[in-house]
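In: mind looking at a prediction? Sequence and model below.
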Amino acid sequence: MARDVVDSEVVESRDALVAWLEAGCKPAGPFRIGAEHEKIPFYRADHSPVPYGGDKGIRALLEGMRKRLAWDGIEDGGNLIGLYDPNGGGAISLEPGGQFELSGAPLDDAHATADELDRHLTVARSVAEPLGIGFLALGMSPKWSLAETPIMPKHRYAIMARYMPKVGTRGLDMMFRTATVQVNLDFMSERDMVAKMRVGLALQPAITALFANSPFTDGKLNGLLSARSEIWRHTDAARTGMLSFVFEPGMGFERYVDYALDVPLYFLKRGGNYQDVAGASFRDLLAGRLRQAPGERATIADWANHLSTIFPEVRLKRYIEMRGADVGPPERIVALAALMAGLYYNPDALGSAEALVEGWSAEDRQKLRDDAPLLGLAAEAHGRDLRSVSLDMLAISRSGLKRRARLDARGEDETILLHPLEAIADSGREPARHWIQRYEGPWGRSVDPSFDEAAF
C-alpha cells in the first residue's frame, strides 16, 4: 500500500470523480508496468516475528534503508512508517503486521522490474542481515497466531482493524498475516480499460492457482494451496470479489464510480490526522452531509484514498491492479509483470485473451474464484480446468511479449521471464504442493524449515 494521496481540491460532483479516473487514460502511451510485493520479516535466530520498535525492529530496518537509499521518510504520528524516492523511483511501506512492501516505479518493461527488484533486495538484505532479519517468500505467515503477530503504528490500519470483524470473519488475518505480489498496468481509453478489466478478472483465478503459495497456518497444514486467496473470500464482501458488473453492458468509468461510491468509507484524513468514519457513505461526504464529519466536503485526496481501500480481485484506479497472487521468490514476482505485459500490451494478444474467456458466465467465473484456493490448477468451470486455461493464457502472453520485442542487455526478450510460470503450468503442480511435500517428508511435519527454504 503506497502513500496516501494529499490533494485538498474539493470535489463537487460524481462527474468530477469519473473525470479523475478517466484522466488515467494514456492514448499515446507509454504503457508502463509497476510491480509491488510484500514479504514477511522474521528473526533468523528463532523464527519469531519482528516488532516495530527496538534496536533490531522494523523501524531500525526502515532507518537503515533510508540511509542506504537516501529516500525521504513517511511518518504517522511521529513514527517512521515508510520511505519514498522523491525522484519517482517507488516507495517502501508497511502492511499492518509488518509485511515489508516495495511499491515499484512505473517502468518500461518487465526486464526493468527485474532490475528494480534485484536492487531492492540487495539493499534490503544488506540492512536486514546485521539485524538478524530475514524475509519469508510465502503468501501467509506459516507459524504465528494472530495474537503473536506485531501491529504497525499506522492510524488507518487501527481504523480498519476495528471495522473488519464487523463485516467478515477473516479480515484481520488478511491484514496481519498475508503477503501478495501485484502488478499495475495502464489503459489507453475507456474501451481498453473495460477489455483489460474483464480479461484480468476472468483470468485472476488462473493466476491465483499458478502463484498458490500459502499452505501453512498456525504451524501446520491448512488444507489449502492458497490460504491467502481463501481469506479474501471471507473479508468484507462490500469491497472484495469478482465484480460481476464489469461484464455487463454499459460498463465504463461511470459504472465503476457508482460501485465505489457504495463501498463504505474507512476514514477521512485531514492534515496528519485520521478520523474514523468506518461504515459511512462517500455519497454523503460528496453532498457535504456526512454525519460523522459535519461540514466536511469531499476532496480528490478522499477519493483517491477511498479507492485504495477497495480490494476486488482486479482494482481500477488511474491504472489497473492485478490482485490475485500469493507472493513467492523473485523470479515469480517478475513473471507476473511479464505475464500481464504480454496479455495487455499487444492488441492481438489482448484480443486472444478476450476470446479465451468469452462465453464464461458470472457463475463460471465465481466457481473458479471459489475453487482455486483449494484445488489450484485442477479447478474447473465451463468445461475446462485452470491448468489448460493457464497454458493457453501463457501462450497468448508469450506471443504478445514476442511482438513487443523488448530486449535486455543480453538481447533476450521478456519471454524468458515467463519460464517459472510455464514450468508450473506444464507440471500441473502449484508451488504450495512443493512445500506440502517437504512438510510431510524431510521437514518432519514442522514448518520451521520454511524459514530457511521459503525465504528471500
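Out: Received it, and whenever you're ready, just let me know what you need. Numbers count the residues shown, from 1 in each chain.

In: and the longest strand for the protein?
Out: strand 33-43 (DSSP state E).

In: helix or strand right after it?
Out: Once the chain leaves strand 33-43, the next helix or strand it forms, by DSSP states H and E, is helix 58-69.

In: tell me the contacts of Ala114?
Out: Taking C-beta atoms under 8 Å, 6 or more residues apart in numbering, we find Ala114 in contact with 330, 334, 417. Bear in mind the C-beta positions are built from the backbone N, C-alpha and C, glycine included.

In: if you set the cut-off to 10 Å instead, what comes out?
Out: Shown in contact with Ala114 (C-beta atoms under 10 Å, 6 or more residues apart in numbering): 35, 107, 330-331, 333-335, 337-338, 408, 414, 416-417.

In: ditto for Arg429
Out: 376-377, 387, 423, 437.

In: so it, which state does it fall into?
Out: Three-state call for Arg429 (DSSP: H, G, I helix; E, B strand; the rest coil): coil.

In: for it, give me phi and psi.
Out: phi -120, psi 110 (degrees, to the nearest 10).

In: now Asn213
Out: Backbone torsions of Asn213, given as degrees, to the nearest 10, read phi -160, psi 40.

In: still on that earlier bit, now the contacts of Ala114 in JSON lines, with pLDDT?
Out: Converted to JSON lines, these look like this (pLDDT from 0 to 100):
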{"residue": "Ala35", "pLDDT": "98"}
{"residue": "Leu107", "pLDDT": "98"}
{"residue": "Pro330", "pLDDT": "98"}
{"residue": "Glu331", "pLDDT": "98"}
{"residue": "Ile333", "pLDDT": "98"}
{"residue": "Val334", "pLDDT": "98"}
{"residue": "Ala335", "pLDDT": "98"}
{"residue": "Ala337", "pLDDT": "98"}
{"residue": "Ala338", "pLDDT": "98"}
{"residue": "Asp408", "pLDDT": "97"}
{"residue": "Glu414", "pLDDT": "98"}
{"residue": "Ile416", "pLDDT": "98"}
{"residue": "Leu417", "pLDDT": "98"}
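
In: most neighbours out of the residues you listed, which is it?
Out: When neighbours are counted by other C-beta atoms under 10 Å, Ala338 leads the contacts of Ala114 with 32 neighbours.

In: what's the angle from the helix or strand where that one lies to strand 33-43?
Out: Applying DSSP H and E as the criterion places Ala338 in helix 330-344. Orientation check (axes from the mean of the first three to the mean of the last three C-alpha atoms, to 10 degrees): helix 330-344 against strand 33-43 gives 160 degrees.

In: and the next element down the chain from helix 330-344?
Out: Following helix 330-344 in sequence order, the next helix or strand is helix 347-357 (DSSP H and E).

In: and the contacts of that following helix?
Out: With C-beta under 10 Å, 6+ apart, helix 347-357 has contacts from 188, 192, 195-196, 198-203, 206, 247, 341-344, 346, 364-365, 382, 384, 389, 392-393, 395-404.

In: list buried residues within those residues.
Out: 188, 192, 195-196, 198-203, 206, 247, 341-344, 346, 364-365, 389, 392-393, 395-401, 404 (16 or more other C-beta atoms under 10 Å).

In: part of a strand, is Asn184?
Out: Yes - according to three-state DSSP, Asn184 belongs to a strand.

In: okay, now it: neighbour count?
Out: Asn184: 22 surrounding residues under other C-beta under 10 Å.

In: equivalent analysis for Asp186, please.
Out: Neighbour count for Asp186, taken as other C-beta under 10 Å: 22.

In: what sits closest to Gly400 if chain neighbours are left out?
Out: Nearest-residue entry for Gly400: Ala349, 3.0 Å, with adjacent residues in sequence omitted and distances by C-beta to C-beta, 6 or more residues apart in numbering.

In: for that neighbour, give its distance to Leu286.
Out: As judged by C-beta to C-beta, to the nearest Å, Ala349 and Leu286 stand 39 Å apart.

In: looking at those two, which one has more neighbours?
Out: Ala349 (24 against 20).

In: and the more buried one, how far from Arg283?
Out: Taking C-beta to C-beta, one finds Ala349 at 39 Å from Arg283.

In: CA atoms of stretch 244-263 as PDB?
Out: C-alpha atoms of stretch 244-263 as PDB (Å, rounded to 0.1, in the frame of the first residue of the first chain):
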ATOM      1  CA  SER A 244     -19.700  -9.200 -12.000                       C
ATOM      2  CA  PHE A 245     -21.000  -5.800 -13.100                       C
ATOM      3  CA  VAL A 246     -17.800  -5.300 -15.100                       C
ATOM      4  CA  PHE A 247     -19.000  -7.800 -17.600                       C
ATOM      5  CA  GLU A 248     -22.500  -6.200 -18.000                       C
ATOM      6  CA  PRO A 249     -23.400  -3.900 -20.900                       C
ATOM      7  CA  GLY A 250     -22.700  -0.200 -20.000                       C
ATOM      8  CA  MET A 251     -19.500  -0.900 -18.000                       C
ATOM      9  CA  GLY A 252     -17.200   2.100 -18.000                       C
ATOM     10  CA  PHE A 253     -15.700   4.700 -15.700                       C
ATOM     11  CA  GLU A 254     -19.200   5.800 -14.500                       C
ATOM     12  CA  ARG A 255     -20.200   2.300 -13.600                       C
ATOM     13  CA  TYR A 256     -17.100   1.800 -11.500                       C
ATOM     14  CA  VAL A 257     -17.500   5.100  -9.800                       C
ATOM     15  CA  ASP A 258     -21.100   4.100  -8.800                       C
ATOM     16  CA  TYR A 259     -19.800   0.900  -7.400                       C
ATOM     17  CA  ALA A 260     -17.000   2.600  -5.400                       C
ATOM     18  CA  LEU A 261     -19.500   5.200  -4.100                       C
ATOM     19  CA  ASP A 262     -21.500   2.400  -2.500                       C
ATOM     20  CA  VAL A 263     -18.400   0.900  -0.700                       C
END
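
In: in this protein, where is pLDDT below threshold?
Out: Along the chain, the parts satisfying pLDDT under 70 run over 1-7.

In: now do the lengthiest helix in it against helix 347-357, angle only.
Out: Longest helix of the chain, by residue count under DSSP state H: helix 190-211. With the same axes, to 10 degrees defining the directions, helix 190-211 sits at 60 degrees from helix 347-357.

In: just checking, next helix/strand downstream of helix 190-211?
Out: Next helix or strand after helix 190-211 toward the C-terminus (DSSP H and E): strand 216-217.

In: counting by contacts, list what that following strand packs against.
Out: Packing partners of strand 216-217 (3 or more C-beta pairs under 10 Å, 6 or more residues apart in numbering; DSSP states H and E): helix 227-232, helix 431-440.
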